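Colleague: fold the following and give me the result.
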Amino acid sequence: MARNWLRVNHVANTIQISWQRGQSTPRSAPEVAFQHPFDEQALTDLRWYLEQYLRFPYGLEPQKAEQIEQKLQAWGQQLFDIIFRSSEEARTFFQEATREGLDRCELSIISDEPEILNLPGELL
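Modeller: The predicted model follows:
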């Protein structure tokens, strides 16, 4: 059961991180600029890997899959840095929210823009 909530609120070209422990009042970091981190080719590769290759990962373009797998960690680190290293407060909120373990933290990404909601949170 989650005891901590991290919320990433995306509005226009900004994000704001908030953290809440239990029933306490949520605390918010200042808004920071946000620019979509992936170009069209990265999104195409990621979509292919997650939606096609992983359904049947045997024999279909193994070299392409391996190349994408090598990029996954870098993409995840890039997304993590943009969100949780955007300010000192965002760093602190992440550390506090995950101090008791990732299984005690719930992450929510809030946006009205589908391209933001389609970012694979699993990379984080």
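Colleague: got the contact list for the helix or strand bottoming out on mean pLDDT in the chain?
Modeller: Lowest mean confidence among the helices and strands of the chain (mean pLDDT, DSSP states H and E): helix 114-117, at a mean of 86. Applying Cβ atoms under 8 Å, 6 or more residues apart in numbering, the contact partners of helix 114-117 are 10, 36, 109, 111. C-beta coordinates here come from the backbone N, C-alpha and C atoms, glycine included.
Colleague: contacts only, for the last one.
Modeller: For S111, the contact set (Cβ under 8 Å, 6+ apart) comprises 9-11, 117.
Colleague: filter these down to just the ones in helices.
Modeller: L117 (DSSP state H).
Colleague: out of the contacts of S111, grab the one that's most surrounded.
Modeller: H10 (18 neighbours; other Cβ atoms under 10 Å).
Colleague: tell me how far the closest residue to that residue other than its chain neighbours lies from F84.
Modeller: Leaving aside its chain neighbours, H10 sits nearest to S111 (3.7 Å; criterion: Cβ to Cβ, 6 or more residues apart in numbering). For S111, the distance to F84 equals 16 Å [Cβ to Cβ, to the nearest Å].
Colleague: just say helix, strand or coil for D112.
Modeller: Going by DSSP: H, G, I helix; E, B strand; the rest coil, the secondary structure assigned to D112 is coil.
Colleague: would you mind measuring from it to V11?
Modeller: Using Cβ to Cβ, we find D112 at a distance of 8 Å from V11.
Colleague: repeat that for I116.
Modeller: 10 Å.
Colleague: R21 now?
Modeller: 24 Å.
Colleague: ok, which stretches of this protein are strands?
Modeller: Listed in chain order, the strands of the chain (DSSP state E) span 4-11, 14-21, 27-28, 32-33, 105-110.
Colleague: closest to E40 out of these?
Modeller: Closest approach to E40 among those (Cβ to Cβ): strand 4-11, 19.4 Å.
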